[in-house]
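Peer 1: sequence-free structure coming up:
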């Protein structure tokens, strides 16, 4: 397996990447399994393999592969961030929100200038964990960043404000989400859920 010609190896990597970008994650998984056997010291191959495993629901095996990719990427901040976020997402799916947050923190440590979507993901993990104040801070930060999907950031902010019973602020957040995207069904549901709350409050 280790004697794959460099040209063939490059072709396999290119094909795996094309499969992934086209939404053919299972094909990418099968190719990357060959790649990690052929070149076990290449972080990128372990990352693709781990992401493929994560996609098909094999989270325990995915985390093993991703942790190996992380060890091989210690001196590459961008790769560390990418892999740490994948690990965080895997733990979040299993309801291990504290472990997920540890990897979000690692991702931020590696690349302090995180994009808006990072704060949306981190905020969603905090919200699922029941840490709504921390989630609010993340989503507020995302609303101020051009790199975020503003409608998603405001919509998520609305839900964490609603969870804290800050109904007036939640209503404004949902309205801002709909300003950015009038078709945002989640924001519409969130806004509708607040109908009548003012007269119901005692």
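Peer 2: Right, received. Where do you want to start? Keep in mind that this is a model prediction, so the values were computed, not measured. Numbering: from 1, shown residues only.

Peer 1: ok, and what's touching stretch 38-56?
Peer 2: 1-2, 4, 9, 13, 16-17, 20, 25-26, 28-30, 32-33, 35-36, 59, 61-66, 68-70, 72-73, 76, 79, 82-83, 86, 89-90 (Cβ atoms under 8 Å, 6 or more residues apart in numbering). Any C-beta I mention is one placed from the backbone N, CA and C, and that applies to glycine too.

Peer 1: quick one, strands of the protein?
Peer 2: When secondary structure is read from DSSP state E, the chain shows no strands.

Peer 1: in this structure, which spans are helices?
Peer 2: Counting by DSSP state H, one finds helices in the chain at the ranges 6-21, 25-38, 43-55, 59-72, 77-93, 97-110, 116-129, 132-143, 150-163, 167-180, 185-193, 197-200.

Peer 1: run the chain-centre distance for the first one.
Peer 2: Taking Cα atoms, centre = their mean, to the nearest Å, one finds the center of helix 6-21 at 24 Å from the center of the full chain.

Peer 1: what packs against that helix?
Peer 2: Helix 6-21 is packed against helix 25-38, helix 43-55, with contacts defined by 3 or more Cβ pairs under 8 Å, 6 or more residues apart in numbering; DSSP states H and E.

Peer 1: which of the ones you listed is buried the deepest?
Peer 2: Mean neighbour count (mean count of other Cβ atoms under 10 Å) peaks for helix 43-55 among the helices and strands packed on helix 6-21, with a mean of 24.

Peer 1: show me the contact partners of stretch 159-179.
Peer 2: Stretch 159-179 has contacts (Cβ under 8 Å, 6+ apart) with 123, 127, 132-133, 135-136, 139, 143, 150-155, 157-158, 184, 186-188, 190-191, 193-194, 197-198, 201.

Peer 1: rewinding a little: what's the least confident stretch among the helices of the chain?
Peer 2: If the helices of the chain are sorted by mean pLDDT, helix 197-200 sits at the bottom with a mean of 79.

Peer 1: can you redo the helices and strands packed on helix 6-21 as a markdown table with distance to residue 112?
Peer 2: Listed next are the helices and strands packed on helix 6-21 as a markdown table, based on distance: least, Cβ to Cβ, whole Å:
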| stretch | distance to residue 112 |
| --- | --- |
| helix 25-38 | 30 |
| helix 43-55 | 21 |
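
Peer 1: residues touching the residue sitting nearest the centre point of the chain, list them.
Peer 2: Against the mean C-alpha coordinate of the chain, by Cα atoms, centre = their mean, the closest residue is residue 121 at 5.0 Å. In this structure, residue 121 makes contact with 85, 88-89, 104, judged by Cβ under 8 Å, 6+ apart.

Peer 1: how about residue 127?
Peer 2: Contacts here follow Cβ under 8 Å, 6+ apart; on that basis residue 127 touches 135, 156, 159-160, 163.

Peer 1: repeat that for residue 129.
Peer 2: Contacts of residue 129 were listed using Cβ under 8 Å, 6+ apart, and they are 97-98, 101.

Peer 1: run the last query once more with 6 Å
Peer 2: For residue 129, the contact set (Cβ atoms under 6 Å, 6 or more residues apart in numbering) comprises residue 97.
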